[in-house]
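Student: sequence first, then the predicted structure, then my questions.
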Amino acid sequence: MADEAPKKLVVVGDRVLITPEEGEERTGVGLYLPATAIQSQQVQSGRITATGPGTPTAEPASLDDEPWKIGMGGGETRYVPMQARVGDFALFFRKASVEITFEGKKYLVVPQAAILILVRADHPENEP
C-alpha cells in the first residue's frame, strides 16, 4: 500500500479542531488567565486549525410539513454558520474537549458552545 492517498481530518457539525497551547499564565496572544483557571485546568487555549460546517437546520418550508416527511425531499442540507474561524485563538472549557492524535500531532475537538472567547486578527480579509 505504498500509493495510499494522504489522509485529512474532516470536522463535522458545530465542532472545531484546535491545536492546544500548553498552560501558561499568559497566552501567546496576550490573554492573562487567572491562577485558579490554570491550577484546576478549567480552561485551555489554542489555535483553531479547522471548523465544521455548523449546526444542521431544517429547511424553513419543511417546518409546516409532516414530521415523518422531513429529510425525504433530498434537498441540500443547510447549516447555521460557525462563529469560530480557522486561525482564531480560542479559550474554551477543558472538560468539553476530546483529545486526539492524528499523524503524530495532538489536537483537541471542541464543540463551539464550549468556546468562551475568540481572539481574531482584525484584518479585512477575515470578514465573512
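Tutor: Sure thing, it's come through. Residues are numbered from 1 along each chain as shown.
Student: can you read off the pLDDT for L9?
Tutor: According to the prediction, L9 has pLDDT 87.
Student: ok, the closest residue to it other than its chain neighbours to P53 distance?
Tutor: Setting aside the residues directly before and after it, L9 is nearest to F102 in space (CB to CB, 6 or more residues apart in numbering), at 5.7 Å. The way it works is simple: take the backbone N, C-alpha and C, and place the C-beta from them, glycine included. Taking CB to CB, to the nearest Å as the criterion, F102 is separated from P53 by 19 Å.
Student: in three-state terms, label K7 for me.
Tutor: Of the three states, K7 takes coil under DSSP: H, G, I helix; E, B strand; the rest coil.
Student: what is the neighbour count of it?
Tutor: The local packing of K7 (other CB atoms under 10 Å) involves 8 other residues.
Student: that one and F102: what is the separation?
Tutor: As judged by CB to CB, K7 and F102 stand 8 Å apart.
Student: tell me the spacing between the residue nearest to L9 and P6.
Tutor: To P6, F102 is 12 Å away according to CB to CB.
Student: and G13, by the same measure?
Tutor: Applying CB to CB, the value for G13 to P6 is 24 Å.
Student: among those two, which residue is more densely surrounded?
Tutor: Neighbours of G13 and P6, each counted by other CB under 10 Å, are more numerous for G13; the result is 14 against 5.
Student: just give the nearest non-adjacent residue to that one, would you?
Tutor: On the basis of CB to CB, 6+ apart, the spatially nearest residue to G13 that is not a chain neighbour turns out to be G52, at 4.8 Å.
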